[in-house]
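Trainee: Return atomic coordinates for the entry below.
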Amino acid sequence: MRRLARRVTILVAIPLVGACLGAPAEPSVPGSSPSAPAATTSPEPAASPVDRSAWRWLDAGSLAVPRLRTGAVRLSDGSVLVVGSENVCTPGGAWPESATDERLREFLADQCHRRSRHDEAMALIWAEFVERPSLERYQLLKAHADRVEAWPAWRTRALEAARESIVQEQGVARPVRSRWDGPADASALVRIYLWEGDAEPAWQAAVVLGCSDALWHELAVKREPQHPADALPIYQREVGYLLETKRNDGYEAAVKLLGRIRALMARLDSERDFPGYLASVRAAHGRKRNVTKLLDTARW
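Mentor: Model (predicted):
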């Protein structure tokens, strides 16, 4: 079935009165908590008919998206920034946080920066990050923090929040977000450290909290020059995974990795253990004829 994308016009509603259009505010370094919530989370009393003359509507263009639900963000001074799919927005009301699209938060944060409302902008992007920490959201947080020259403080806070989120998820049963969801681990935190070029804290996070197989391989490659003993068991585990793919390209990658394992064992003065390890691989996968052929013809 074809998914039809509807065209959604983003509108920003800003009271003509209030600080949003006033004098620029000084940027500040984050404190113990953001200065504004990311979204209204509880219903408010029904509002009286809206005097639209008190609102300025700014057409920010259109986005062709499959789905973009109505959402709103309330600033600390009482202003409400609203997005809607029907060109009709009113202040007040209740929009659950789950209805806020990430593009909405980023767009509104940019509008806040333009009006020197940097605290509100950072509160929006922070809410986006802590909702589900990831490398992409970390990079977004950095981009916005750099605009107010406050990245060091936000970086420390973001790394602490990411680690705390992982520990909490590992300690409680969490709802499955999608069929691709795996166990909670430190993959997001490891990606962040690797992106920053910090291989050692990335390794420590993976050892303590776990990470994806692809990241374990990347970590092993980085550890191999100085810490071959750390890389060896990761490569050995990966050989098993590759041989279980039942695909020729997986078999070829596994045999190639066996050569790397042999070289590592030689560096560790344990090359004499390689024949026994190879025999165990053959015993476990000897019924796979293509694997046997590759092993018989391998030149390491």
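Trainee: C-alpha from now on. contacts and neighbour counts both.
Mentor: Will do.
Trainee: in the stretch 151-300 of the chain, what spans have low per-residue confidence?
Mentor: For the stretch 151-300 of the chain, applying pLDDT under 70 flags the ranges 172-183.
Trainee: show me where it has helices.
Mentor: Here the stretch 151-300 of the chain has its helices, by DSSP state H, counting those that start in this stretch, at 151-171, 187-195, 199-209, 213-223, 228-243, 248-267, 274-285, 289-297.
Trainee: so which of the ones you listed gets nearest Q111?
Mentor: Shortest distance between Q111 and those, using C-alpha to C-alpha, is found for helix 151-171: 19.5 Å.
Trainee: Let me know the angle separating that closest one from helix 199-209.
Mentor: Per axes from the mean of the first three to the mean of the last three C-alpha atoms, to 10 degrees, the angle that helix 151-171 makes with helix 199-209 is 20 degrees.
Trainee: which residues sit against helix 151-171?
Mentor: If you take C-alpha atoms under 8 Å, 6 or more residues apart in numbering as the criterion, helix 151-171 is touched by 29-30, 129-130, 133, 138, 141-142, 145, 183-186, 188-189, 209.
Trainee: same deal with stretch 206-225?
Mentor: Residues contacting stretch 206-225 (C-alpha under 8 Å, 6+ apart): 166-167, 185-187, 190-191, 199, 202-203, 230-232, 234-235, 238.
Trainee: thinking again about what came up before, are any of the contacts of helix 151-171 buried, and which?
Mentor: 30, 129, 133, 138, 141-142, 145, 184-186, 188-189, 209 (16 or more other C-alpha atoms under 10 Å).
Trainee: could those residues go into CSV alongside distance to A279?
Mentor: Formatted as CSV, the buried ones among the contacts of helix 151-171 follow (distance: C-alpha to C-alpha, whole Å):
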residue, distance to A279
P30, 58
F129, 48
P133, 43
Y138, 45
L141, 50
K142, 50
A145, 55
A184, 35
D185, 33
A186, 34
A188, 37
L189, 37
L209, 32
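Trainee: According to the record, where do the domains of the chain fall?
Mentor: 1-18+29-96, 226-300 (automatic domain parsing).
Trainee: and the contacts of stretch 206-225, which are buried?
Mentor: Judged by 16+ other C-alpha under 10 Å, buried ones among those: 166, 185-187, 190-191, 199, 202-203, 231-232, 234-235, 238.
Trainee: Farthest pair within those residues?
Mentor: I166 and L232 (26.7 Å).
Trainee: from memory W203 sits against V190, does it?
Mentor: Yes - between W203 and V190 there is a contact under C-alpha atoms under 8 Å: 7.4 Å.
Trainee: give the contact list for I234.
Mentor: 216-217, 220.
Trainee: could you flag which of those are buried?
Mentor: 216-217, 220.
Trainee: Between the residues you listed, which sits nearest L268?
Mentor: Out of the buried ones among the contacts of I234, the member with the shortest distance to L268 (by C-alpha to C-alpha) is A220, at 15.3 Å.
Trainee: Relative to W151, how far out is that closest one?
Mentor: Distance of A220 to W151, given as C-alpha to C-alpha, to the nearest Å: 30 Å.
Trainee: What of R114?
Mentor: Distance from R114 to W151, by C-alpha to C-alpha: 18 Å.
Trainee: These two: which has the busier surroundings?
Mentor: Neighbours per residue (other C-alpha atoms under 10 Å) separate R114 from W151, with W151 holding more: 19 against 13.
Trainee: Can you give me the neighbour number for E160?
Mentor: Neighbours of E160 (other C-alpha under 10 Å): 12.
Trainee: For A298, see how far away it is.
Mentor: 47 Å.
Trainee: what does A188 give?
Mentor: For A188, the distance to A298 - C-alpha to C-alpha - is 37 Å.
Trainee: who touches M122 in this structure?
Mentor: 34, 109, 141, 144-145.
Trainee: if you set the cut-off to 6 Å instead, what comes out?
Mentor: Going by C-alpha atoms under 6 Å, 6 or more residues apart in numbering, M122 touches no other residue.
Trainee: Could you check how far it is from S116?
Mentor: From M122 across to S116, the span is 11 Å (C-alpha to C-alpha).
Trainee: Same check on L209?
Mentor: Distance of L209 to S116, computed by C-alpha to C-alpha: 39 Å.
Trainee: With D198 instead?
Mentor: D198 is 33 Å from S116, by C-alpha to C-alpha.
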